[in-house]
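Undergrad: below: sequence and its predicted model.
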Amino acid sequence: MKKSIALILTIILGMTLLAGCGGDAKTDENNNSQGDNKGTNPPVEIKGITVEMNDFTILCPDGWEDQTDNPSYSKFQKNGANVGCDIVVQFSGSGLDGWEDYDYDKVSYNIGGYFWEGYFYFGDMYAIAAKITGSDKMCVVKVGGYKMDDPEIIAIIESIKAK
């Protein structure tokens with residue numbers, strides 16, 4: 001009898017513990033899942049200036065410094081950010097050829113109506129590329145020190161227009 005009660009209690013305890021598994025993901029007060037970009041909040045409007053490059057135009061957000069010294073690529077850094085915390089964009093015929101030879105984590109994103117593929121490397125850097133309408137070259141974006149879901153990074157990438 002004691003063994004039967006102990007077995008029943010063990011089963012009930014196990015079922016209670018398992019009932020907590022598989023529940024909904026954590027959500028914030030606006031019913032947005034934490035860690036993804038699929039919430040119902042409207043996108044943040046990022047303002048800045050449009051910069052003309054040889055092959056493309058791109059947004060440099062307010063509060064960011066245009067450090068471009070060559071019209072074939074753009075380099076922006078947020079004011080006060082550490083060295084290496086920047087975004088570099090250029091159009092390249094080869095895209096990210098050769099990167100597959102390294103042991104970097106593959107990543108992909110849908111940003112600005114384009115499918116971007118690339119790599120996450122050195123703990124906080126991304127290199128992604130996509131074929132942009134209006135160009136026969138690949139658009140390559142390198143992001144250092146920022147997450148790919150940062151609203152300003154997304155706004156910069158979404159603003160890229162081939163000439």
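TA: Sure, I can see it. Numbering: from 1, shown residues only.

Undergrad: and Ala155, that one's in a helix?
TA: Yes - under DSSP: H, G, I helix; E, B strand; the rest coil, Ala155 falls within a helix.

Undergrad: okay, Ala162: pLDDT?
TA: The model reports Ala162 with a pLDDT of 95.

Undergrad: do Met138 as well
TA: 95.

Undergrad: count the residues that sit near it.
TA: Neighbour count for Met138, taken as other C-beta atoms under 10 Å: 17. C-beta here means a position set from N, CA and C on the backbone, and glycine is covered the same way.

Undergrad: contacts only, for the closest residue to it other than its chain neighbours.
TA: Nearest residue to Met138, sequence neighbours excluded (C-beta to C-beta, 6 or more residues apart in numbering): Gly95, at 3.4 Å. Applying C-beta atoms under 8 Å, 6 or more residues apart in numbering, we find Gly95 in contact with 129, 138, 140.

Undergrad: any chance of these in CSV, with secondary structure and distance to Tyr102 too?
TA: Listed next are these as CSV, based on DSSP: H, G, I helix; E, B strand; the rest coil; distance: C-beta to C-beta, whole Å:
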residue, secondary structure, distance to Tyr102
Ala129, strand, 15
Met138, strand, 18
Val140, strand, 15
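
Undergrad: which SSE is Ala127 in?
TA: Assigned by DSSP states H and E, Ala127 belongs to strand 125-131.

Undergrad: make that Ile87, sorry
TA: Per DSSP H and E: strand 86-92 holds Ile87.

Undergrad: taking the mean pLDDT, what do you get for that strand?
TA: 95.

Undergrad: mind checking how far the residue lying closest to Asp66 once chain neighbours are set aside is from Gly144?
TA: Excluding its sequence neighbours, the residue lying closest to Asp66 (C-beta to C-beta, 6+ apart) is Cys60, at 4.9 Å. Distance, Cys60 to Gly144, using C-beta to C-beta, to the nearest Å: 16 Å.
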